[in-house]
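S.K.: Pasting the sequence and the predicted model now:
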Number of protein chains: 4
Amino acid sequence: MSVTRIKVRGYHEDRFGHVNNARYLELLEEARWADFEARGVDVDFLKKHSLFPVVVHLAITYRRPASAGDTLAISVDVVRAGRRKIVLGQTATFDGSDDVCVEAELTVVFLDEATGRPVPLDDRFFRVWPELRSSDAPPA
Amino acid sequence: MSVTRIKVRGYHEDRFGHVNNARYLELLEEARWADFEARGVDVDFLKKHSLFPVVVHLAITYRRPASAGDTLAISVDVVRAGRRKIVLGQTATFDGSDDVCVEAELTVVFLDEATGRPVPLDDRFFRVWPELRSSDAPPA
Amino acid sequence: MSVTRIKVRGYHEDRFGHVNNARYLELLEEARWADFEARGVDVDFLKKHSLFPVVVHLAITYRRPASAGDTLAISVDVVRAGRRKIVLGQTATFDGSDDVCVEAELTVVFLDEATGRPVPLDDRFFRVWPELRSSDAPPA
Amino acid sequence: MSVTRIKVRGYHEDRFGHVNNARYLELLEEARWADFEARGVDVDFLKKHSLFPVVVHLAITYRRPASAGDTLAISVDVVRAGRRKIVLGQTATFDGSDDVCVEAELTVVFLDEATGRPVPLDDRFFRVWPELRSSDAPPA
């Protein structure tokens, strides 16, 4: 589990003074890249193995709107790992509180650049991300 | 049900040559505004009644990636209407085919600008959007 | 010269109820793609010749803010053509009036995908875009 | 002068594997907010004085493309201050080198929320941002 803090800016908001629903996905993605990178699943890893990550399913609940000046603390968690996919949970809370801004669950696969097909989660991943191997939860 | 056609551009894509997951939400939103506007639920309607629409929940499945040059045909459908919320279904297909690019289900409420609370779906809406009243589906 | 009409939406605006300066660049880019495509400089043309267009310089003046519900009429004009670059003028007016929203001048080059270097504007371009050849203006 | 470091992510890039020109404006804006905030010209300051900042002119030169994995060091500098406007210079270099990615000059005004007109740069600003007063350069 990791947490990334992002400050909400005026350009993140829409006309209603709230972060727009599409923009939240970018904030969540920013937190995922920070998380992946901290594990070693960074741009170099992806290039070396000719992989690119793709979100294939996403469910998000918007609980309380964020506005410019708020700092969101965005977590990334492995909910469960399957043979070829990872289900991640992400929660953005208002930093310094337990108040939830948005909650999301995403299914991510890694596509092989040559075939465009999802690759199995194998030793390349387990070396840097042991949690994917030890998943006790039922396979996704 | 309405369908809006949007041409995918280079600036919609990310480095993997696919439309990014956050960007799809903007394409879906564009189709919703076109749909709402065609019904009369446009900026003037919203201003007159001091309302603004908010997505409170969204689930999206990415089936096949779209690339620059593709035209997406994006539908908007009322799945069911509750007292204060509307569940919309949206499907983006590659124009001229039945191939699905993304499918989404969204729950939308209309907030009162003064209170920030969701308003009931009442005659103001039913006059322009009778489907909301006649919903036979179980209330959302 | 071509004109593309784009309706401004709530998700184009920022917290101040105006289209954000970064977002205007996307609206201008949308109009350029529509213009390029109408000439035959579309995704197929670019792929066939392994080219991609890049903006190397841009100057933009924001004259009057646009808001959701406005329709912008965005023109694309060749100001002058050089051996390897095109200077384009773009003006967004509020549709149905001469009121200017933004004015921009952009320098565009086409990079060769293999070398990453700007290619000369040659017969491939002149066939579909004769204006590039006949430029009487001093070369850019 | 301040410098903000931003890591370029996959979702910042377009199909050509480069940060898109519109996206650069967001990265520059992020650095401006960080700079303004560090001086005390933050969301609270703006709300207290019912102001909002607007870019009225911008010129940007794209020198070398940035890709996912690059870290940009983005500076913010006052080039000159006028009675009602500030000309800012921003340069994004590849962190740890002098290689310039983009260079921009922007003219910013602060609009009064009630009148929509630019306010004079007065003591409210000088207290937190003395550089605006002491500008020796010819007024913008």
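M.R.: Noted; the coordinates are in hand.

S.K.: Show me which positions of stretch A:105-122 end up buried.
M.R.: A:105, A:106, A:107, A:108, A:109, A:110, A:111, A:118, A:119, A:121 (16 or more other Cβ atoms under 10 Å in any protein chain shown). All C-beta atoms are positioned from the backbone trio N, CA, C, and that covers glycine.

S.K.: tell me which element the residue nearest the centre of chain A is part of?
M.R.: Centroid check for chain A by Cα atoms, centre = their mean gives residue A:32 as the closest residue, at 3.5 Å. Using DSSP states H and E, residue A:32 sits within helix A:21-39.

S.K.: what packs against that helix?
M.R.: Other elements packing on helix A:21-39 under the criterion 3 or more Cβ pairs under 8 Å, 6 or more residues apart in numbering or on different chains; DSSP states H and E are strand A:2-7, strand A:51-62, strand A:71-81, strand A:85-94, strand A:100-112, helix B:21-39.

S.K.: can you list the residues that contact the longest one?
M.R.: Pointing back at helix B:21-39 there. Here helix B:21-39 makes contact (Cβ atoms under 8 Å, 6 or more residues apart in numbering or on different chains) with A:21-23, A:25-26, A:29, A:55, A:58, B:2-4, B:6, B:12, B:14, B:19, B:42-43, B:53, B:58, B:60, B:62, B:72, B:74-76, B:88, B:90, B:92, B:102, B:104, B:106, B:108, B:128-129, C:7, C:9-11, D:11.

S.K.: Chain D contacts on chain A?
M.R.: Residues of chain A lying close to chain D (Cβ under 8 Å from any Cβ of the partner chain) are A:7, A:9-11, A:26, A:29-30, A:33, A:42-44, A:52-53, A:68-69.

S.K.: Just the buried residues of those.
M.R.: Buried, going by 16+ other Cβ under 10 Å: A:7, A:9-11, A:26, A:29-30, A:33, A:42-43, A:52-53, A:68-69, out of these.

S.K.: wait, which of those residues is closest to residue D:84?
M.R.: residue A:10 (20.0 Å; Cβ to Cβ).

S.K.: tell me the contacts of that closest one?
M.R.: Residue A:10 neighbours (Cβ under 8 Å, 6+ apart): A:68, C:14, C:15, C:16, D:33, D:43, D:52.

S.K.: Which pLDDT value does the model give it?
M.R.: Reported pLDDT at residue A:10 in the predicted model: 83.

S.K.: can you check residue A:56 too?
M.R.: Looking at residue A:56, the pLDDT reads 96.

S.K.: Can you tell me how far it is from chain C?
M.R.: Using Cβ to the nearest Cβ, to the nearest Å, we find residue A:56 at a distance of 24 Å from chain C.

S.K.: Which residues of chain A lie near chain C?
M.R.: Selection of chain A residues close to chain C by Cβ under 8 Å from any Cβ yields A:10, A:11, A:13, A:14, A:15, A:16, A:17, A:20, A:22, A:67, A:68.

S.K.: what do you get if the cut-off is 10 Å, keeping everything else the same?
M.R.: Selection of chain A residues close to chain C by Cβ under 10 Å from any Cβ of the partner chain yields A:8-23, A:67-68.

S.K.: Now, of the residues you listed, which are buried?
M.R.: For those, buried by 16+ other Cβ under 10 Å: A:8-23, A:68.

S.K.: related to what we said a few turns ago, okay, and which of the contacts of residue A:10 map to strands?
M.R.: Among these, the ones falling in strands (DSSP state E) are residue D:52.

S.K.: nearest to chain B, of the contacts of residue A:10?
M.R.: Distance to chain B, by Cβ to the nearest Cβ, is smallest for residue C:15 among those, at 12.8 Å.

S.K.: Now that closest one: closest residue in space that isn't a chain neighbour?
M.R.: residue A:13 (3.8 Å; Cβ to Cβ, 6 or more residues apart in numbering or on different chains).

S.K.: related to what we said a few turns ago, quick one: mean pLDDT over the helix holding residue A:32.
M.R.: Computed over helix A:21-39, the average pLDDT equals 93.

S.K.: Same check on stretch A:78-98?
M.R.: The average pLDDT within stretch A:78-98 is 96.

S.K.: in it, what's buried?
M.R.: Going by neighbour count (16+ other Cβ under 10 Å), the buried part of stretch A:78-98 is A:78, A:80-82, A:85-88, A:90-95.

S.K.: For that stretch, what is the distance to the chain centroid?
M.R.: Distance of stretch A:78-98 from its chain centroid, counting by Cα atoms, centre = their mean, to the nearest Å, is 7 Å.

S.K.: what's the span of it, first residue to last?
M.R.: Using Cα to Cα, to the nearest Å, one end of stretch A:78-98 lies 20 Å from the other.

S.K.: Next: stretch A:13-25.
M.R.: 13 Å.

S.K.: same thing with stretch A:80-91?
M.R.: End-to-end distance (Cα to Cα), stretch A:80-91: 16 Å.

S.K.: and that stretch, is it in reach of chain B?
M.R.: No: using Cβ under 10 Å from any Cβ, stretch A:80-91 stays clear of chain B, coming no nearer than 12.3 Å.

S.K.: Equivalent analysis for stretch A:93-100, please.
M.R.: No: with Cβ under 10 Å from any Cβ as the criterion, chain B is not reached by stretch A:93-100; the gap is at least 12.8 Å.

S.K.: And the contacts of that stretch?
M.R.: A:3, A:5-8, A:61-64, A:66, A:70-75, A:91-92, A:101-103 (Cβ atoms under 10 Å, 6 or more residues apart in numbering or on different chains).

S.K.: From the residues of chain A next to chain C, which land in helices?
M.R.: Members of the residues of chain A next to chain C lying in helices (criterion: DSSP state H): A:21, A:22, A:23.

S.K.: Show me which of those residues is closest to chain B.
M.R.: Within those, the smallest distance to chain B is 3.7 Å, found for residue A:22 (Cβ to the nearest Cβ).

S.K.: quick revisit: for the residue nearest to residue C:15, which residues are in contact?
M.R.: By Cβ under 10 Å, 6+ apart, the contact list for residue A:13 reads A:19, A:20, A:23, A:65, A:66, A:67, A:68, C:13, C:14, C:15, C:16, C:20.

S.K.: Show me the two of those that sit farthest apart.
M.R.: Once Cβ to Cβ is applied, the contacts of residue A:13 give A:65 and C:20 as the farthest pair, at 18.1 Å.

S.K.: neighbours of residue A:2, just the number please.
M.R.: Residues lying near residue A:2 (other Cβ atoms under 10 Å in any protein chain shown) number 15.

S.K.: Who's the closest spatial neighbour of it, skipping the chain neighbours?
M.R.: Here the residue nearest residue A:2, using Cβ to Cβ, 6+ apart, is residue A:35, at 4.4 Å.

S.K.: And for residue A:78?
M.R.: Nearest one to residue A:78, counting by Cβ to Cβ, 6+ apart, is residue A:131 at 5.1 Å.

S.K.: That neighbour: how many residues sit nearby?
M.R.: Around residue A:131 there are 14 other residues, counting by other Cβ under 10 Å.

S.K.: Any idea what the nearest residue to residue A:51 once chain neighbours are set aside is bridged to?
M.R.: Of all residues not flanking residue A:51 in the chain, residue A:110 sits nearest, at 4.5 Å (Cβ to Cβ, 6+ apart). Beta-bridge partners of residue A:110, counted by DSSP bridges, are residue A:53.

S.K.: so residue A:110 touches residue A:55, yeah?
M.R.: No: the criterion here is Cβ atoms under 10 Å, and residue A:110 misses it with residue A:55 at 11.2 Å.
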